[in-house]
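Peer 1: sequence unknown, structure follows:
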């Protein structure tokens, strides 16, 4: 047995488990807090990243049949978005529902929303739980996540990395640009449509090839 770390897809929470024959980046089904959800095996996080010892158990690696079911659940979850937004409007809350997920066992319905500040949505959650007959979780997303949901075209002229292939949108600091000898005198050149430093700055930092960055590097010095 070895210790592995998983990140729950719907919440981003990280748990550690004792397991074997499970590889890095594999998708697994995990039962935690009496809810069965999909998660991904990740590398050991740094001590600064919040993590917990997992309860419940890892059921299995996601197979083809599970993947088909997950796709079906995603379609079902998105059918709730329109009604959820109507409830938001009736409660007079300034928030926009962007996406939704159903847990593998259909017990939990997660809504992802954007808002300019903190929102008191306690009454909304009760309303949703009664109407949708499920455990409701509302998760506010960052401006990076919002760009991921809506998509768009980056300064390189290509589809946004976050909406096309990035699984995780991590915070990028100006220090990364400095370490690559890029001028930070005019940060607007290094900022994406989300208003944050471009995700592609992290590719070269991690010694990963980034054709977009290589092509645009001279233009941002």
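Peer 2: Looks like it came in fine. All values reported here derive from a predicted model rather than from experimental measurement. Numbers count the residues shown, from 1 in each chain.
Peer 1: pairing partners for residue 159 in the sheet, please.
Peer 2: Per DSSP bridges, the residues bridged to residue 159 are residue 153.
Peer 1: for it, grab the count of nearby residues.
Peer 2: 13 (other Cβ atoms under 10 Å). Any C-beta I mention is one placed from the backbone N, CA and C, and that applies to glycine too.
Peer 1: show me what the longest helix seen in the chain is packed against.
Peer 2: Secondary structure of the chain per DSSP state H: the longest helix is helix 64-78. For helix 64-78, the packing partners by 3 or more Cβ pairs under 8 Å, 6 or more residues apart in numbering; DSSP states H and E come out as strand 96-102.
Peer 1: after the strand it packs on comes which helix or strand?
Peer 2: Next in sequence after strand 96-102, counting helices and strands by DSSP states H and E, comes strand 108-114.
Peer 1: so that next one versus strand 96-102, what angle?
Peer 2: Relative orientation of strand 108-114 and strand 96-102, computed by axes from the mean of the first three to the mean of the last three Cα atoms, to 10 degrees: 160 degrees.
Peer 1: all further residue positions should be reported with the first residue as 38.
Peer 2: All set: I'll call the first residue 38, so the last point we hit is now strand 145-151.
Peer 1: ranges for the helices of this structure?
Peer 2: 101-115, 118-127, 159-169, 180-187, 198-201, 211-216, 238-242, 248-257.
Peer 1: worst average pLDDT in those?
Peer 2: Comparing mean pLDDT across the helices of the chain, the weakest is helix 248-257, with a mean of 43.
Peer 1: I would like the residues contacting stretch 119-131, please.
Peer 2: The list of residues contacting stretch 119-131 from outside it, by Cβ atoms under 8 Å, 6 or more residues apart in numbering, reads 132-134, 137, 148, 150, 152-153, 156-158, 160-161, 164-165, 168.
Peer 1: highest neighbour count among those residues?
Peer 2: Greatest neighbour count in the contacts of stretch 119-131, by other Cβ under 10 Å, goes to residue 148: 27 neighbours.
Peer 1: which pair in the contacts of stretch 119-131 spans the largest distance?
Peer 2: 153 and 168 (25.9 Å; Cβ to Cβ).
Peer 1: quick check: buried residues in stretch 60-72?
Peer 2: Buried residues in stretch 60-72, defined by neighbour count with 16 or more other Cβ atoms under 10 Å: 64-69, 72.
Peer 1: contacts for that stretch, please.
Peer 2: By Cβ under 8 Å, 6+ apart, the list of residues contacting stretch 60-72 reads 43, 45, 52, 54, 59, 73-80, 91-99, 103-104, 140-142, 144-145, 172.
Peer 1: roughly how far is it from the heart of the chain?
Peer 2: Mean-position distance between stretch 60-72 and its chain equals 16 Å (Cα atoms, centre = their mean, to the nearest Å).
Peer 1: average pLDDT across it?
Peer 2: 93.
Peer 1: picking up where we left off before, among the contacts of stretch 60-72, name the ones in strands.
Peer 2: Judged by DSSP state E, the subset of the contacts of stretch 60-72 located in strands is 43, 45, 52, 54, 73-79, 94-98, 145, 172.
Peer 1: residue contacts, residue 139?
Peer 2: 110-111, 113-114, 145-147, 171.
Peer 1: gap between it and residue 39?
Peer 2: Going from residue 139 to residue 39 by Cβ to Cβ, to the nearest Å gives 31 Å.
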